[in-house]
Structures are given as C-alpha cells and as structure tokens.
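>>> any chance you could fold what I've pasted below:
(chains A and B)
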Amino acid sequence: MTKKKKNAKKPAPERRASEEKATRQEEAAAAKPKPGKKGSVALETAESMARKQREISVSEFFLKNRHLLGFDSPRRALMTTVKEAVDNALDACEEAGHLPEISVDIAQTAENRFRVTVTDNGPGIVRSQIPKVFAKLLYGSKFHRLRMSRGQQGIGISAAGMYGQLTTGTSTHILSRSRNQKMAHDIAVQIDTKANTPTIISDDERAWCPEFFPTQPDGKPGKPISYAHGTSVSIEMEATYVRGRLSVDEYLKQCAIVNPHLQLHYRVRLMRSDDKDEKGPKTLPADETTPWISYFRGVNEMPPPTREIKPHPHGVELGMLMAMLKDTNSRTLQGALSQDFSRVSSKTAKEICERAKLYPNARPARIAHQESEALYKAINETSLMRPPTDCLAPIGEEQIVSGLKKEIQADFYTAKTRNPAVYRGNPFQIEAGLAYAKPGENEDLNAEEPVRLMRFANRVPLLAMSGACAMTKSTTGVNWKAYGLSQPRGSLPFGPMVVMIHIASVWVPFTSESKEAIAHYPEIMREITFALQDCGRQLSHYLSRKRRADEAARKRNFIELYIPHLALGLKEILDLNDRQEKTVVNKLGGMLERTHLDV
Amino acid sequence: MPAPTKAAAEKPGAPEVVSRKAASGKISSIADGIYKDIIQKSKKPSMSFPVRSLQNVRYDTRRGHFEILGKKVTRTLSYTTVKTFAQSMRLLATTKNDLLDKDDIAGKREVYYNSKSWGECRFDEQPESDALLDDIEAMLAINREQLGYIPEERGGDVCGPIIVIDRDPSSGRPIRINCKELGTGAWSVPSRVEHLGFETKAKFILVVETASLFQRLVHHRYFDRANCVLVSMSGVPTRACRRFVRRLADDQRLPVLAFTDGDPYGYCNIYRTLKVGSGQAAHINRFFCVPQAQFLGVTPQDIKDYNLEDATHPLEEADIKRAKDALKNDPFIQHHKEWQKALEEMLRMGVRIEQQAFAKHGLNFVLEKYLPEKLKKAKFLP
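As a prediction, the model looks like this:
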C-alpha cells in the first residue's frame, strides 16, 4: 500500500535513484543462475540460496519487529509516539539552552485513529536535515557519542512516523522555524521502508511560529505564549487512547515531575456524539476549543549542559576495541590508547602495551586478532582511574523535591542524589525521591496499597515493564519496615507515598530497545538501594516526628476534654465561684501540658 | 440437743457508724486538699487509696478479721489519669450533693446511668463506675452503704425463732417481723441493716450455702427442732448478709455455725469471707465480718465418717489451684493449722462434696442425723 502511494507522488531524490540502481544490479546478479527445478524440489544449491539472500534494510527489519520499538499495540503506539516526540523536543531545547515549553495535542480522527501533534520552542531544524531526522531510522546525533541524553539510538521518532505511514498511509508533517528565518518550513515526509531513506511528499514555506495556550491553576485560560523559533511534528496513526497508569496522561505528568524546568501543555480531544448525553455513535469531529491542561515550570534554571566523554577502557568489549583500533587517527598503539579512551595517560598506555607484550609504537590498525585479545586482557588487568563523572547532569535534590511538590500533593518530600558511580566502564548516577501524603489527604495515594514507584532514566519516565526493572527489584529489596512502613515479604512497601528513582548515565543499560526497564547490574542496584535507604531514613524521621505530633495533639485533646469536668466536680463540692473554677482549669491545663506535651 | 453457749461467742468491737454530715465533710476536705494543691502549691493533685488485695491484709487474730495494711496507691493527675480523676471528682460531687446532703440513696447501676449526663466524662460501662465507687469507698474509709449507695444483689434469706424490728421508711414507725411465722417463705435481709433491732431466744445461728438446703430445713421447721436462726447465703455472702449476721450475733451474743459444700470454694471463699472478710474489701472488713463464725461442715473428714466416698466429684483444675493458692497466700488459712490440714486432706483425697450429698442416706438424713450429730460433737473448724 505504501509503495503505490509513493509511486504516485513526487520523484524520489537523487540519492534514492542511485541506491535503487544498486539494488537492481544485485537482483539481476541473483537472478542469473537458473538451476533446473525438476526432481530437486527439496534441495537447495548454493546458487538458489544466494538468490534468496538479500540485504535487509533496517526499516524493514523494524517493520517486522515493531514490538521491539514499542509499537506492538495501538495503545502502546500512541504512548511511544508521544514519548519519542517529547524526548526529542526536550533534548533539542536543552542543547540549545532554551527553557523548554512543549505542547502535546492528541486528536481523535476516526474510531481507532489519532493525530498526535507535539510542538516545542526548540532551536528548529535546518531544512536539509528535516527529512532525515523524521524519516530515516538510525539517523541522529546521539548514537555515536557517549553523552547523557534522553534519546540514544535515533530510531524513535522516525519509527513513529513509519508506524503512522504503515497504519494510515499518511505522512509525517513537520513545521520548523529557526531564530533567523522569516518563514517556517512546512514539510511532509514518508519513509521508504526498503531503502531506509526519506521521501519528501511536500515542501513549502509559510508563516508560523509555535504558540502555547496555558490554562491557569484556577482553570481560567492564561495569556497565549509564542516564540520566534520551534518545531512541530504531527503524525496520524492507528491507536487507542486509554487512561490509567500506563497512559500518556501519566507519562506527561511524570515528565513534569522529573523536568521541573519544563512547561507542558496537554490535551486529548475525542470525537463527540450527536446525543447530548454522549451515548450514541461518536461521529462529530473532536472539539477544536478543548482547553489545555498545563503543567507549569517549577524552576527557572536549565539543567547544566552535559559533556561528551570518550569510552572508558574497562567498559569496552573486545569487538568494539578492535573496531576502535582500526578506526583510530593515531599512528601508534600507545597514542591510540591514550587519545581515544578516557583515563588512559601516555604512561598508562605504555604500561598496558608492556603487559600485553606489544610494541607501543605498533600501528593500531595492524594489531592482529590474537594480539588484540592480549591487549584486551592487559587493559582489564591494569587498574585505571574511574571514568570522569562530570559528564552527568543529575536532576538535583532540590529540583526533585520541587518537581514532586509541583505535581503530587503530599506532606513530606525528600530526595537524595548519590555520587556518580561506574558500571562496566560507564559512569552513572542514581537519585531517589519520596513524597509522603498524610493518609486520606491525597485521594490518588491509598495508605492500604503499595506505594507508587516512578522510574526515570535520563529524565525520561519509564512506565511499562516495571516488574523486569532493576529499580523495582531494588525498591522491594530495601527493608522499609525499618523506616516505619508496612511491607509484605518481597513486595513494594505499603503507604500513601510516591517513590521516584532516576538513573543518569551516558549509556543507560535498558533490557530491550523499547527502553522501559533497567538491566540488573549489581553496581546500579547497590546505588539505588543506598539512595532509597537515605530517603527512608529521612522518612522515618518525619514519620516519628509526625507520630509524636499526632500523639501530642491527641493528648492535648484528651486533657482539654476532661480538665473542665475535674474543675466542675471541685466547684460543686467546694462551692467555688466561676472565676475560681476557671483558674483551676487554666492551672491544670498548664501543668499537664508542660509535663506531657514536650512543648 | 446441746448447742454452743452464748458465752462462747466473743464480742468484737462494734464498727463505728459515720454520720452523713461527717461523710460529707470528709469529701469536702479531700476536695479542699486537691484545690489547695492546684491553686496554692501549684502542684499536680493526687488521691491515694489503700491497696485492696490479699497482699495488703493482715489476719488480726485479736479482732478476728482481715485488717488492711498501710500499702497505698497514689493516683497523681496525669495524661493517663485525667479521665478517671475527673470522673472521681464528679462522682464525689454527686455523692456529697445528691446523696449525703439530700439523704437519698442510689444503686450502682443508677450511678452508672446518672453519669450519662456528664457528657465526655460519662462512664462507658458499668464496671468502670463500680471500680471507681470501690476506690472512693476505700479512699474515704467509709463503706458505700453509709454513703447512700445500696447494693443490688440480694442480701440473703432468714427464717427462725427471731423477731426483727425494722421501721417504716417514711414514718419511722417500728415494724416487728416474726421470722418464725412466714409460712413457706423467708424474710430477705435489706441492703442496710444498721437500724435493725432483734428479739430472740434462739441458741445459735446456722448459715447455709445453698438455697435448696435452706428450703429443706425451712420445710421441716428445723429451726424449731434445733432452736436456731437459719440464714441462706446463696454463695459468697453479700455485705448486707454478713453485716446482718454480725449484728445479730453481737446483739444477741449468739454463736454462728457455717454449713457449706465441701470444696475449696466453700472453705476459702464463702466461709473465709463470712468470717474475716475479703482482700478486695479489706478497707471495710471490720464492718463486714463475723469473727465468731465456726465451720460445721462439710469437712473432708465427714466424707469418711458418713461413708460418702461414692457421692463425691473429682477436684477440678480450678479447685486444686484455689486450694494451693490459699495454702500459699491466704493469711487466714496460714494462721489456722486445722484449715491447712483440712485442705491438704482434700487435695490428697482429690474429691469435693456437696451439701446435698447426704441425700444418699435418705432425703432428710441431713437434718435427722448429720446436723444433730455434728452439733452434739461440737468439734468445729475455726
């Protein structure tokens, strides 16, 4: 279906033509040998097999394995699309140093069809990059570097576009304007799934700038906010919108918690029914004037920019080491080691070479397989400084508390940012936060239920697969009873509480490409445990303070309840006057408060 | 049928009678002390009560009852005691203003319901008000009957050659009750007996545990045959019953004989309480004891003497525990070797016996054979 549409549209760009030519040649080559089929139905020859062997494009691979990317169900598709678009928008704003302002508009267009439009105030994207960014898988700035950022592989948004294209046949629409431009680019692209190249469907310019319509906390519309630069991407797809724990609503709320510097506007517009009581078939288009839900900014500082680092030798595997030696610009092995890796000085590099019995001056590209194994072994036997950790930008304890305060009504907040640590040569940093509501005061948090665990990686909320995540495992492993919560064996603690855990790393070890669960590295789990224990201690202080205060209040009430009766009894026996009775009440009240209420 | 002579009964010192005015004054002085503590000394008020248990009594052999020792508990006003403290004050105020000063009476349950008008200070359950009443009684060292509180339990039944002189509650006109001519019924001991007068020619008082045996004795007019006053206790004797027996015995110089079941409860609870009082009411035992009482039966020895081994029941766990506990802790039992022997004998035999067991030898065996023989022998346990 996609092919037909593509052919009917504009001619493909030049690059595509050359690639097509190459493919045709391959096909021709494969078609040449024509072994007779008679009598040898079951047997394949090398040639016949060769005819079937062909290159698989990345796009094709992911089309067939879309569950790996989070598009396995219509419900999840909507979630993943919003997630990828918001992640990209945030990364873009932060890299350009703009305090991010983002809107997410989800509009139902048919029973199982939604259009997702995500607009940001980022720096914009230059015209030539737009098609590749949005319609070429594995294209992006993030894969080839070791730097803390939300996206990693450069698959997400293009995959969302591809999913939309596959399920509805529509294109990804992009509006983008950078600061110096007068007009915005208005581009529609599709992806050539076979060649993993973008096909431009339309390419115009028009007057546009990103505009946001906040709703004030009191529910009244605020003043619209507009910017001179920004990007808006719009994808229509087959999807279902469901509320709840794994919903877009929850994702965006958590986004606002973990990014207190983000200002976010969000609305879902469902199709309406003819009937007044909304019971009949929903045929009317979604309401254009639906008000936005606004998550306002809690802090006005940007997170500090993150630095890119070179890989640490202890985190590199043999194959990667060989590839790096092949690609290095250095002329000597010693040079390659000291220049391409972090924490390897010239002297250390020499030491490694000696231990591996290799010449420091050997040409890196000529280190043979056997020798590289010796080198690999030598590297791991050499003690090295831990990788630099200033490449990480934790959220920070104050910011976590501010984010939690902003979105979760509670009585007690605390947060802990651990010092950076290292797993497999990758620096990472763990943060944890708690928000504890007085029982019954926050209707979302039930005291008789397990606490709500919110998981984040590089400021991205992780919603699905919580059972498989190292964060969940570490949380259940902490002895919360010691901090005053009840906890059934091997489960999350119970209480009216939100627990948030954040891992910041240049390379977050997810268990799969859909990026929902953290792998169980012992170093990571240990850090999570320590951070939670730290928060737990604060919680236990708070709870015992609260218990004491409750106790004092209860005692005060109790005392105030009965003292007047005592005085009345005395009054009746001794015929006291009202003034004397009052003096007795006051004096007794004072005496008991001094000794029983720790004031 | 020779009965113990009147001279054999020792006359104990009569308990003092506290006037309403004096009781009212005692309440006022306690309240005044509390008020002064609060206002003048600025210190937390406290009330002290004697400890009411067997641990805090001594068997006063001269006076013949359990005498309370000096152990006291002090209830100082605090967070934990403020409610009880307030209730005590209100109960004292009610006692003084509504009962003593107005010459009225109230039952325990009425006290409980009366507190329902006290708002937050009310008693939630009757045991709370009962306990507090006991406390106040002990603190004032005046028994609650004299404070105007009447017991609700039945006082005991009386039958026999005696005229009780009561008075009309409203006019005060004397009323003479001839307990010999009550037909098939009996006269009930009223809750307050201090005002009663007696006229009798009886030789002794026979106090029996069970109502059914009492019925049998009345039915056959045993009191004529033995010339005695019959009193039924129906279990542990009430205060009024004990006080009645005491007053009658003192007034007419009569010996008192007790006839209970042969089990540790009959010995250590019913008889001991009748004679020397209880640990729980140690503060008022001096009014409610019958030191001249002696124990007629059923003794463990009777089981053998009357061939009743096959009319017994094995001792139960609770019986054994009660007997051992009495041997170890009861000052009365510890004072009397005979009682120790009897209890040890019972434990050794491992059985208990009921008063009705004599029916084995015929329904009226008890009044035709057993009682006359025991009275003739005149060997009683102390």
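>>> where do the strands of the stretch 51-200 of chain A begin and end?
All strands of the stretch 51-200 of chain A, identified by DSSP state E, counting those that start in this stretch, fall at A:101-110, A:113-120, A:172-177, A:184-192, A:197-206.
>>> so for residue B:207, which of those strands sits nearest?
Among the strands of the stretch 51-200 of chain A, strand A:101-110 comes nearest to residue B:207, with 94.3 Å by Cβ to Cβ. The C-beta positions use only the backbone N, C-alpha and C, and glycine is treated the same way.
>>> what does the pLDDT read for residue A:343?
Looking at residue A:343, its pLDDT stands at 87.
>>> pLDDT below threshold where in the chain?
Just so you know, I chose chain A. A:1-42, A:54-59, A:62-63, A:137-149, A:151-155, A:276-280, A:368, A:513-514, A:597-599 (pLDDT under 70).
>>> right idea, wrong chain: chain B
Across chain B, the ranges flagged by pLDDT under 70 are B:1-18, B:152-155.
>>> repeat that with 80
Applying pLDDT under 80 to chain B picks out residues B:1-20, B:53, B:143, B:145, B:151-155, B:192, B:279-284, B:286.
>>> okay, now the domains of it?
According to the domain assignment given by automatic domain parsing, chain B is divided into the following structural domains: B:20-150, B:153-377.
>>> mind listing what the most centrally placed residue in chain A touches?
What sits nearest the mean C-alpha location of chain A, by Cα atoms, centre = their mean, is residue A:460, with 1.7 Å. Residues in contact with residue A:460, defined by Cβ atoms under 8 Å, 6 or more residues apart in numbering or on different chains, are A:83, A:87, A:150, A:255, A:258, A:515.
>>> for the stretch 101-250 of chain B, just list every one of the helices.
If DSSP state H, counting those that start in this stretch is used as the criterion, the helices of the stretch 101-250 of chain B fall at B:108-114, B:126-140, B:144-147, B:211-219, B:222-226, B:239-252.
>>> what helices or strands is the fourth one leaning on?
Going back to what we said before, that points to helix B:211-219. Using 3 or more Cβ pairs under 8 Å, 6 or more residues apart in numbering or on different chains; DSSP states H and E as the contact definition, the elements that helix B:211-219 packs against are strand B:157-159, strand B:204-208, strand B:228-232.
>>> buried residues in it, which are they?
By neighbour count on 16 or more other Cβ atoms under 10 Å in any protein chain shown, the buried set for helix B:211-219 is B:213-218.
>>> from the chain's centroid, how far away is that helix?
Here the centre of mass of C-alpha atoms in helix B:211-219, compared against the chain's by Cα atoms, centre = their mean, to the nearest Å, lies 21 Å away.
>>> that helix vs strand B:204-208, what angle?
Here helix B:211-219 points in a direction 140 degrees away from that of strand B:204-208 (axes from the mean of the first three to the mean of the last three Cα atoms, to 10 degrees).
>>> got the angle between helix B:211-219 and strand B:228-232?
Following the same axes, to 10 degrees, one obtains 150 degrees for the angle between helix B:211-219 and strand B:228-232.
>>> C-alpha coordinates for helix B:211-219, PDB please?
Provided in PDB are the C-alpha atoms of helix B:211-219 (Å, rounded to 0.1, in the frame of the first residue of the first chain):
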ATOM      1  CA  ALA B 211     -30.900 -22.200  98.900                       C
ATOM      2  CA  SER B 212     -32.100 -25.700  98.300                       C
ATOM      3  CA  LEU B 213     -30.800 -27.000 101.600                       C
ATOM      4  CA  PHE B 214     -32.300 -23.900 103.300                       C
ATOM      5  CA  GLN B 215     -35.600 -24.800 101.700                       C
ATOM      6  CA  ARG B 216     -35.500 -28.300 103.100                       C
ATOM      7  CA  LEU B 217     -34.600 -27.000 106.600                       C
ATOM      8  CA  VAL B 218     -37.500 -24.500 106.500                       C
ATOM      9  CA  HIS B 219     -39.900 -27.000 105.100                       C
END
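>>> which one of the contacts of residue A:460 sits closest to residue B:203?
For those, the residue nearest residue B:203 by Cβ to Cβ is residue A:258; the value is 101.0 Å.
>>> got the contact list for that closest one?
A:395, A:400, A:403, A:454, A:456, A:459-461, A:500, A:502.
>>> most neighbours among those, please name it.
Of all the contacts of residue A:258, the highest neighbour tally under other Cβ atoms under 10 Å in any protein chain shown goes to residue A:403, namely 29 neighbours.
>>> deepest-packed of the helices and strands packed on helix B:211-219, please.
Burial among the helices and strands packed on helix B:211-219, expressed as mean neighbours by mean count of other Cβ atoms under 10 Å in any protein chain shown, is greatest for strand B:228-232, which shows a mean of 27.
>>> ok, so what distance separates the closest residue in space to residue A:104 that isn't next to it in sequence from residue A:287?
With Cβ to Cβ, 6 or more residues apart in numbering or on different chains as the criterion, residue A:104 has its nearest non-adjacent residue at 4.7 Å, and that residue is residue A:266. Between residue A:266 and residue A:287 the distance is 15 Å, computed by Cβ to Cβ, to the nearest Å.
>>> equivalent analysis for residue A:74, please.
With the distance defined as Cβ to Cβ, residue A:74 ends up 22 Å from residue A:287.
>>> do the same with residue A:101
Residue A:101 is 23 Å from residue A:287, where distance means Cβ to Cβ.
>>> and residue A:117, by the same measure?
Counting by Cβ to Cβ, the gap between residue A:117 and residue A:287 amounts to 15 Å.
>>> the more surrounded of the two?
residue A:117 (17 against 13).
>>> does the more buried one have beta-bridge partners, and which?
residue A:105, residue A:234 (DSSP bridges).
>>> might you report the residue contacts of it?
If a contact means Cβ under 8 Å, 6+ apart, then residue A:117 has A:103-105, A:107, A:232-234 as its contacts.
>>> ok, how many other residues are close to the residue of chain A found nearest chain B?
Nearest to chain B, among the residues of chain A, is residue A:569, at 2.6 Å (Cβ to the nearest Cβ). Summarising burial for residue A:569: neighbours were counted as other Cβ under 10 Å, giving 26.
>>> does it touch residue B:96 like I think?
No - the criterion here is Cβ atoms under 8 Å, and residue A:569 misses it with residue B:96 at 9.9 Å.
>>> ok, so of the contacts of residue A:258, who is nearest residue A:179?
Distances from residue A:179 to those, taken by Cβ to Cβ, are shortest for residue A:459, at 24.8 Å.
>>> how about that closest one, phi and psi?
Phi and psi for residue A:459, reported as degrees, to the nearest 10, are phi 70, psi 20.
>>> and residue A:296, by the same measure?
Backbone torsions of residue A:296, given as degrees, to the nearest 10, read phi -80, psi 160.
>>> for the closest residue to residue B:164 other than its chain neighbours, give me its contacts.
The shortest distance from residue B:164 to any non-neighbouring residue, by Cβ to Cβ, 6+ apart, is to residue B:177 (4.5 Å). Counting by Cβ under 8 Å, 6+ apart, residue B:177 makes contact with B:163-166, B:187.
>>> circling back to that earlier point, make CSV out of the helices and strands packed on helix B:211-219 and add distance to chain A.
Supplementary listing: these in CSV, determined by distance: least, Cβ to the nearest Cβ, whole Å:
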stretch, distance to chain A
strand B:157-159, 39
strand B:204-208, 41
strand B:228-232, 39
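>>> can you report phi and psi for residue 268?
Reading this off chain A. Recorded main-chain torsions at residue A:268 are phi -120, psi 130, according to degrees, to the nearest 10.
>>> so it sits against residue A:106, correct?
Yes - in terms of Cβ under 8 Å, residue A:268 counts as a neighbour of residue A:106; the distance is 4.6 Å.
>>> gap between the closest residue to residue A:165 other than its chain neighbours and residue B:337?
Spatially, and ignoring its direct neighbours in sequence, residue A:165 is nearest to residue A:190 (5.3 Å; Cβ to Cβ, 6+ apart). Per Cβ to Cβ, residue A:190 is found 115 Å from residue B:337.
>>> next: residue A:132.
With Cβ to Cβ as the criterion, residue A:132 and residue B:337 are 114 Å apart.
>>> quick one: secondary structure of the residue nearest to residue B:257 when sequence neighbours are not counted?
Across the structure, with Cβ to Cβ, 6+ apart as the measure, the residue nearest residue B:257 apart from its sequence neighbours is residue B:296 (4.5 Å). Taking DSSP: H, G, I helix; E, B strand; the rest coil as the rule, one finds residue B:296 in the strand state.
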